[in-house]
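1. What follows is a predicted protein model with its sequence.
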There are 2 protein chains.
Amino acid sequence: MLTVHIISDSIGNTAKDVVDAALVQFSYSDDSYKILKNSNVGTKDKIESILANIEKDDIIVQTLVDKELASYVKELAKIKGIVVIDLLTDILNIFEEKLKVKPENNPGLIRKMGAEYFKRVDALEFAVKYDDGKDINGLKEADIIILGVSRTSKTPLSLYLANRNIKVMNVPIVQDLILPEQLYEVKRKIIGLTNSVEQLNKLRGERLKALGVDHGTDYTDEVQIFEELEYAMDIMEKMGCPVIDVQNKAIEETAELVINIMRERGLEI
Amino acid sequence: MLTVHIISDSIGNTAKDVVDAALVQFSYSDDSYKILKNSNVGTKDKIESILANIEKDDIIVQTLVDKELASYVKELAKIKGIVVIDLLTDILNIFEEKLKVKPENNPGLIRKMGAEYFKRVDALEFAVKYDDGKDINGLKEADIIILGVSRTSKTPLSLYLANRNIKVMNVPIVQDLILPEQLYEVKRKIIGLTNSVEQLNKLRGERLKALGVDHGTDYTDEVQIFEELEYAMDIMEKMGCPVIDVQNKAIEETAELVINIMRERGLEI
């Protein structure tokens, strides 16, 4: 089994993301590798004790911003013949040269709870508060308003965008239920989501199963879904809002499309 | 101004995270650099047209999984004298050697909407549905239940954990409001959050300002806050749940602590 040891002076999530992005390229079973995170590594002593427990065939992936500590890991690893992937040193050196500024070697600085951080927390709380059209009072404050029928991934999309500091409100389209008039006043902030009848049917079936309902209902009836989607498309057309088909799209892909559309519209996000 | 060009066959978020982690180490003004993302880059033609618009002093950061395309970027960049940081090729080669499996060179595979993906969507929807004690029926299904007074970051923490596929419910502690009895039946899944009087006072003051209230209330009264925290601590003690002080902790730090505590308790998350 391959063991990947992450060594970070912060939490190690950036390294984990890179390792995941690489590992997903291989077909293997889950028990052919494991990833161990060593967080908050800030001293040579700590490095020594970590290295003492690493086998020759393991891999080290490090994101230490302190150059001396980063070199120390490489030095010790070399003696034991362990491969080290250093994700930050090169990039820090290049930035130093280009920006003509010395790096601060301040571990975990990225987590510093500055204005940006609180902006993100605000956006997340906003998304939760105004999820599923629960409260229409957020229309003015929202950067983006998402419309769509049930199971078009409105909630996860709103949260994903909130993580990018964008305030998102989502409003469900339910047949025969009239949308609030105020929506028409904020038309340029609105984006519609749609999906195929087949995928909605499948997703909703799973949804019902999760809720413990094992027979079909209108919710999963294909004709009903078709009519519901038609109804939604009519509304979105009337609003003149762009519509994204989320079928076979991951949340992050849809999010990129949303951001691009909003930027083209000249909205600052 | 330094321009960093990200070239990715997927969206480019992994590269963006690494660049952010590096840039945060430098003191500079926001207009001393910019980051441009080139997503879904999958052909030599596309690479040529991107490279045609990159200046000699810019930096390229690439996460192309296709080795031929990755080499092509380096080849063209070399001719123009542009620095290239390749985040994936080395790591892919090392994994290939260690795992003895060929990489699939399948761009964006990480976004493949498999079981894991739907699990995350489920967890996010769960966190939104059961936020702020709105609905107590999620107690059984929840992996973790978070307790705390207002402004102890219950919501962002729940969402952060949801992104790690963990189902989290959060329940507010409000003085003189009795918590549901059922909570005592799921004690081992409960974690308490606390904060200092000073920080709560500051956070709540900002909260009120955001809500348009410009005078103090009980909500921001230090004596009141102190009593509220005492009341909360009493409850958490009675429950025997671990308590995390979130003062000066970023959400991701608190999340790591929560996960570690739960693993020590033998809960599978």
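-> Nice, I can see it. Numbers count the residues shown, from 1 in each chain, chains lettered A, B, ... in the order given.
2. Quick check: A:V61 is in a helix.
-> No. Using DSSP: H, G, I helix; E, B strand; the rest coil, the secondary structure at A:V61 is strand, not a helix.
3. if I pick it, what's in contact with it?
-> A:4-7, A:15, A:18-19, A:84-85, A:87, B:91 (CB atoms under 8 Å, 6 or more residues apart in numbering or on different chains). Every C-beta, even on glycine, is put in place using the N, C-alpha and C of the backbone.
4. same thing with A:K44?
-> A:69, A:72.
5. Quick check, pLDDT for it.
-> A:K44 is assigned 96 on the pLDDT scale.
6. A:K80 touches A:I54, doesn't it?
-> Yes. Using CB atoms under 8 Å, A:K80 is in contact with A:I54, at 7.2 Å.
7. okay, these two: which has more neighbours?
-> A side-by-side neighbour count of A:K80 and A:I54, using other CB atoms under 10 Å in any protein chain shown, places A:I54 first with 19 against 13.
8. So that one: helix, strand or coil?
-> coil.
9. just checking, it touches A:I79?
-> No. Counting by CB under 8 Å, A:I54 stays clear of A:I79, with 11.5 Å between them.
10. what comes up buried for the helix or strand of chain A with the lowest mean pLDDT?
-> Least confident helix or strand, chain A: helix A:197-210 with a mean of 85, by mean pLDDT, DSSP states H and E. By neighbour count with 16 or more other CB atoms under 10 Å in any protein chain shown, helix A:197-210 contains the buried residues A:197, A:199-201, A:203-205, A:207-208.
11. same deal with stretch A:136-152?
-> A:138-139, A:142-152.
12. Stretch A:72-79 too?
-> Buried residues in stretch A:72-79, defined by neighbour count with 16+ other CB under 10 Å: A:72-73, A:76-77.
13. got any ranges where the stretch 51-200 of chain A has weak pLDDT?
-> A:108-114 (pLDDT under 70).
14. about what we covered before: from the buried residues of stretch A:72-79, which is closest to chain B?
-> Checking these against chain B by CB to the nearest CB gives A:A77 as the nearest, at 12.8 Å.
15. For that closest one, identify the helix or strand it belongs to.
-> A:A77 is part of helix A:67-80 when elements are defined by DSSP states H and E.
16. what angle sits between that helix and strand A:59-63?
-> Orientation of helix A:67-80 against strand A:59-63 (axes from the mean of the first three to the mean of the last three CA atoms, to 10 degrees) gives an angle of 170 degrees.
17. burial of the residue in the stretch 151-269 of chain A positioned nearest to chain B, as a residue count?
-> Taking CB to the nearest CB, chain B has its nearest neighbour within the stretch 151-269 of chain A at A:A250, 4.1 Å off. For A:A250, the neighbour count with other CB under 10 Å is 20.
18. what about A:K238, neighbour count?
-> By the criterion of other CB under 10 Å, A:K238 has 11 neighbours.
19. Could you list the residues in contact with stretch A:79-89?
-> A:14-15, A:18, A:51, A:54-56, A:58-65, A:67, A:70, A:73-74, A:77, B:18, B:21-22, B:87, B:90-91, B:94, B:98.
20. Give me the buried positions along stretch A:1-19.
-> A:2, A:4-19.
21. Now it - C-alpha only, PDB.
-> Only the C-alpha atoms of stretch A:1-19 are listed here, as PDB (Å, rounded to 0.1, in the frame of the first residue of the first chain):
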ATOM      1  CA  MET A   1       0.000   0.000   0.000                       C
ATOM      2  CA  LEU A   2       1.200   3.500  -0.900                       C
ATOM      3  CA  THR A   3       1.200   6.000   2.000                       C
ATOM      4  CA  VAL A   4       1.300   9.700   1.200                       C
ATOM      5  CA  HIS A   5       2.400  11.900   4.100                       C
ATOM      6  CA  ILE A   6       1.400  15.500   3.900                       C
ATOM      7  CA  ILE A   7       3.500  17.900   5.900                       C
ATOM      8  CA  SER A   8       2.100  21.300   6.300                       C
ATOM      9  CA  ASP A   9       2.700  24.300   8.700                       C
ATOM     10  CA  SER A  10      -1.000  25.000   8.400                       C
ATOM     11  CA  ILE A  11      -3.800  22.400   8.000                       C
ATOM     12  CA  GLY A  12      -2.700  20.700   4.800                       C
ATOM     13  CA  ASN A  13      -5.800  21.100   2.800                       C
ATOM     14  CA  THR A  14      -4.100  22.600  -0.300                       C
ATOM     15  CA  ALA A  15      -1.700  19.700  -0.400                       C
ATOM     16  CA  LYS A  16      -4.600  17.300   0.000                       C
ATOM     17  CA  ASP A  17      -6.400  18.900  -2.900                       C
ATOM     18  CA  VAL A  18      -3.400  18.500  -5.200                       C
ATOM     19  CA  VAL A  19      -2.800  14.900  -4.100                       C
END
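22. so does it get close to chain B?
-> Yes. Contact of stretch A:1-19 with chain B (CB under 8 Å from any CB of the partner chain) involves A:2, A:11, A:13-14, A:17-19.
23. from these, which ones fall inside helices?
-> Under the assignment DSSP state H, those contribute A:13-14, A:17-19 to helices.
24. Kindly check the end-to-end length of stretch A:77-86 for me.
-> By CA to CA, to the nearest Å, the extent of stretch A:77-86 from end to end equals 12 Å.
25. That one: how far from the chain's middle?
-> On the basis of CA atoms, centre = their mean, to the nearest Å, stretch A:77-86 sits 32 Å off its chain's mean C-alpha point.
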